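Asker: with the input below, show me the fold.
(2 chains)
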Amino acid sequence: MVLAGVGAGVLAVRRMTTRQVGDGAARVARDRWYTVTVNRPPEEVAPTGRLPEPLTRLGDAVEVRIRPAPGGRGTELAARPRTGGPSGLGGAVARAAGSDPRQAVRTALRQAKQLAETGEVLEPDTPPTSRRTLRNLPLELATRRARGEGRL
Amino acid sequence: MRALVWEGVNEVAVEQVSDPQVQNRQDAILKVKLSSVCGSDLHQLSGYIPFMRAGDVIGHEFMGEIVEVGPEVRRHQVGDRVVVCSVIACGRCWFCEKGLFSLCENGNTNPAITQSMWGYHPAGIFGYSHAMGGFKGSHAEYVRLPFADQIAFPIPDGVDDMTALFASDSAPTGWMGADMGGVQPGDVVAVWGCGAVGQMAARAAQLLGAERVILIDRFDYRLQMAERELGAEVLNYERTDIDGELRERTGGRGPDVCIEAIGMEAHTPGPTYRYEQAKQLLRLETDRPHALRQAILACRKAGTVFVLGVFAGMVDKFPMGAVMNKGLTLRSAQQHGERYIPMLLERMARGELKTAHLATHPMSLDEGPRGYDLFKNKKDGCVRSVFHP
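Answerer: The predicted structure is shown next:
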């Protein structure tokens, strides 16, 4: 029964993965634009065409696209690494190490959005908990990379 | 400072932890005067929210006094007596501007976790796991308030601390269920769960004009409290056929609005409960939706079911056929407290909304583990343990 449950879980994950990057779409996924909608007009997000500072920091390593969001919802701010990102085992290692260029893009987009909307980048509570334990380690690693991961 | 921390499954302890600091220019530091337990803490306590780390400070319903402000805090100053919304929202993103504060884009510093689970991330919540930002909770002497201007609200002079405390979470959560559930004058409203949130949802329904409000639970002391304090009708589901009773009381129509205020660890009499507990333990489903199923089946055709109880993952045997074929509206949210708290404080000041009776067990922070034992195991008539650090 447990195995059946685990199996179902694996299947569900595999289906999600297939939807996102499978069936020959992996290359497309690596080239995907990562996007946030900023609740400010384009002229505030990129005054006189100047990019938000967190994206400027990434220099020529990224392409950036800015366009008005429909329905007066502000500005769609998109970016992607010029070189794509590593895949397979190398990709997993890069993600764990925090050196996957897509993580930098996601982080920069989130920071640009926060700065434009609130004027600051919200910092997590520090220290994040009162002590480190071996059991806590996977969650600690996950939260350390959380700003550069997720679905953007 | 001293704080009540999560140590592991069903284990909490009072420990020394580091004092909070102003980390952002819009932060404030609050000296906590009162901090309440909440039913949703129990999901963390029981290990059903797998994003806790040993040593995490818990608690998210609180009030106190501001003792420090960051340079960009404009609406508050040191010495202000405030109640703080449990939901950390920026107040300026698209969702906040629409009043959907618990969907704030900027209040959760760990967006990846919930984006991976649910597609998009909700706001941060104090003391509510690293999936909700990992912010330290309020069962402590001090707590950091991010976006302090947006989430802290001055308490009117005529409102005492214990009354104001519940404007932090349970009163706005309950109000949201009735408001966004679309309660209209003349409606019959049924509420599953007679804890603080359920009682506040029932009171909100009354204030919004519902003609009859029926609360459902299995603990007589809670039902008696609702009868006494709210004048609501009550049903004990261990002694009553709820579906039949609701049909009889509504002329065969069913309640217009059904509010579920129990969540992922619901109980039901009979073997189904054991079956679902086993599945949950084996992680074959993460949440037990007994009350939600009953609410969906009991609701009148074209009625509304509002889910206030916290769910985290997957449920089994969800009656989607009833939702579709009865034309139900199904809504839910973590509370959009910032939208309601000022209005609720005014109602408290006018005496329309009484909450202090919910604090059945006030005690010191050092008694925190006992407070959670009383609350979790429904001992000694406990509705809420409230700590004063």
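Asker: can you give me the strands in chain A?
Answerer: Counting by DSSP state E, chain A has strands at residues A:34-38, A:62-68, A:75-81.
Asker: redo those strands as TSV? Include mean neighbour count.
Answerer: C-beta: built from backbone N, CA, C; applies to glycine. TSV is the format used below for the strands of chain A (neighbours: other C-beta atoms under 10 Å in any protein chain shown):
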stretch	mean neighbour count
strand A:34-38	20
strand A:62-68	15
strand A:75-81	22
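Asker: tell me, how many residues neighbour the closest residue to chain A within the stretch 251-389 of chain B?
Answerer: As assessed by C-beta to the nearest C-beta, chain A sits closest to residue B:284 within the stretch 251-389 of chain B, at 4.2 Å. If you count neighbours by other C-beta atoms under 10 Å in any protein chain shown, residue B:284 ends up with 18.
Asker: and what of the one 5 residues further on?
Answerer: Residue B:289 sits with 26 neighbouring residues when counted by other C-beta under 10 Å.
Asker: residues in contact with it?
Answerer: Residues counted as contacts of residue B:289 (C-beta atoms under 8 Å, 6 or more residues apart in numbering or on different chains) are B:264, B:266, B:311, B:315, B:316, B:317, B:318.
Asker: can you check residue B:272 too?
Answerer: Contact analysis of residue B:272 by C-beta under 8 Å, 6+ apart lists residue B:290.
Asker: residue boundaries of the helices in chain A?
Answerer: A:2-21, A:26-30, A:42-45, A:53-56, A:88-97, A:101-118, A:137-144 (DSSP state H).
Asker: could you do chain B as well?
Answerer: So, for chain B - with DSSP H - the helices run B:39-45, B:94-97, B:111-118, B:148-151, B:161-165, B:170-180, B:196-207, B:220-230, B:242-249, B:271-281, B:290-298, B:320-325, B:337-349, B:368-376.
Asker: by mean pLDDT, show me the worst of the ones you listed.
Answerer: Among the helices of chain B, helix B:271-281 carries the lowest mean pLDDT, at a mean of 81.
Asker: what angle do helix B:290-298 and that one make with each other?
Answerer: 130 degrees (axes from the mean of the first three to the mean of the last three C-alpha atoms, to 10 degrees).
Asker: mind checking how far helix B:271-281 is from the chain centre?
Answerer: Distance, stretch centre to chain centre, for helix B:271-281: 24 Å (C-alpha atoms, centre = their mean, to the nearest Å).
Asker: can you dump the C-alpha atoms of it in CSV for me?
Answerer: Extracted as CSV, the C-alpha positions of helix B:271-281 are listed here (Å, rounded to 0.1, in the frame of the first residue of the first chain):
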residue,chain,number,x,y,z
PRO,B,271,-14.8,3.5,10.7
THR,B,272,-14.2,6.1,8.0
TYR,B,273,-12.2,8.2,10.5
ARG,B,274,-9.8,5.3,11.2
TYR,B,275,-9.4,4.5,7.5
GLU,B,276,-8.5,8.1,6.7
GLN,B,277,-6.2,8.5,9.7
ALA,B,278,-4.3,5.4,8.4
LYS,B,279,-4.1,6.8,4.9
GLN,B,280,-2.8,10.1,6.3
LEU,B,281,-0.2,8.4,8.5
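Asker: so which bits of the stretch 101-250 of chain B are right by chain A?
Answerer: The stretch 101-250 of chain B comes close to chain A at residues B:105-107, B:109-113, B:115-116, B:119-121, B:130, B:133-136, B:144, B:146-147, as judged by C-beta under 8 Å from any C-beta of the partner chain.
Asker: same thing but 7 Å
Answerer: Counting by C-beta under 7 Å from any C-beta of the partner chain, the stretch 101-250 of chain B comes close to chain A at B:105-107, B:109-113, B:115-116, B:119, B:130, B:133-136, B:144, B:146.
Asker: now list the buried members of the residues you listed.
Answerer: Neighbour counting with 16 or more other C-beta atoms under 10 Å in any protein chain shown marks B:105-107, B:109-113, B:115-116, B:130, B:133-136, B:144, B:146 as buried within these.
Asker: which residues touch the residue nearest the centre of chain B?
Answerer: Nearest to the geometric centre of chain B sits residue B:170, at 5.0 Å (C-alpha atoms, centre = their mean). Contact analysis of residue B:170 by C-beta atoms under 7 Å, 6 or more residues apart in numbering or on different chains lists B:61, B:196, B:197, B:200.
Asker: surely the first one meets residue B:84?
Answerer: Think residue B:61. No - applying C-beta atoms under 7 Å, one finds residue B:61 not in contact with residue B:84, separated by 8.9 Å.
Asker: now list whatever residues contact both of these two.
Answerer: Counting by C-beta under 7 Å, 6+ apart, the residues touching both residue B:61 and residue B:84 are residue B:168.
Asker: dump the contacts of residue B:289 to a markdown table, plus neighbour count, distance to chain A and pLDDT.
Answerer: Output for the contacts of residue B:289, formatted as a markdown table (neighbours: other C-beta atoms under 10 Å in any protein chain shown; distance: C-beta to the nearest C-beta, whole Å; pLDDT from 0 to 100):
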| residue | neighbour count | distance to chain A | pLDDT |
| --- | --- | --- | --- |
| B:264 | 23 | 17 | 83 |
| B:266 | 22 | 20 | 81 |
| B:311 | 20 | 17 | 92 |
| B:315 | 18 | 14 | 89 |
| B:316 | 14 | 11 | 87 |
| B:317 | 11 | 15 | 88 |
| B:318 | 13 | 16 | 93 |
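Asker: the residue at minimal distance from the centre of chain A and residue B:46: what is the separation?
Answerer: Nearest residue to the geometric centre of chain A (C-alpha atoms, centre = their mean): residue A:106, 3.1 Å. Using C-beta to C-beta, to the nearest Å, one gets 33 Å for the distance from residue A:106 to residue B:46.
Asker: cool, and residue B:252?
Answerer: When distance is defined by C-beta to C-beta, residue B:252 is 39 Å away from residue B:46.
Asker: for residue A:38, same thing?
Answerer: Counting by C-beta to C-beta, the gap from residue A:38 to residue B:46 is 39 Å.
Asker: with residue B:349 instead?
Answerer: As judged by C-beta to C-beta, residue B:349 and residue B:46 stand 37 Å apart.
Asker: where does chain A dip in pLDDT?
Answerer: Low-confidence segments of chain A (pLDDT under 70): A:1-30.
Asker: near chain B, which residues of it show up?
Answerer: Proximity of chain A to chain B, by C-beta under 7 Å from any C-beta, involves residues A:1-2, A:5, A:39, A:73-74, A:113-114, A:117-118, A:120, A:122-131, A:133, A:135-136, A:139-140, A:142-143, A:146, A:149-151.
Asker: now a ChimeraX select for only the buried ones of those.
Answerer: In ChimeraX, a selection of the buried entries from the residues of chain A next to chain B looks like this (16+ other C-beta under 10 Å):
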select /A:39,74,113,114,117,118,120,122,124,125,128,129,130,136,139,142,143,146,149,150
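Asker: which residue is the nearest non-sequential neighbour of residue B:103?
Answerer: Computed as C-beta to C-beta, 6 or more residues apart in numbering or on different chains, the closest residue to residue B:103 that is not its neighbour in sequence is residue B:95, at 4.1 Å.
Asker: OK, contacts around that neighbour?
Answerer: By C-beta under 7 Å, 6+ apart, the residues touching residue B:95 are B:103, B:104, B:105.
Asker: closest to chain A among the residues you listed?
Answerer: Nearest to chain A, judged by C-beta to the nearest C-beta, of the contacts of residue B:95 is residue B:105 at 6.9 Å.
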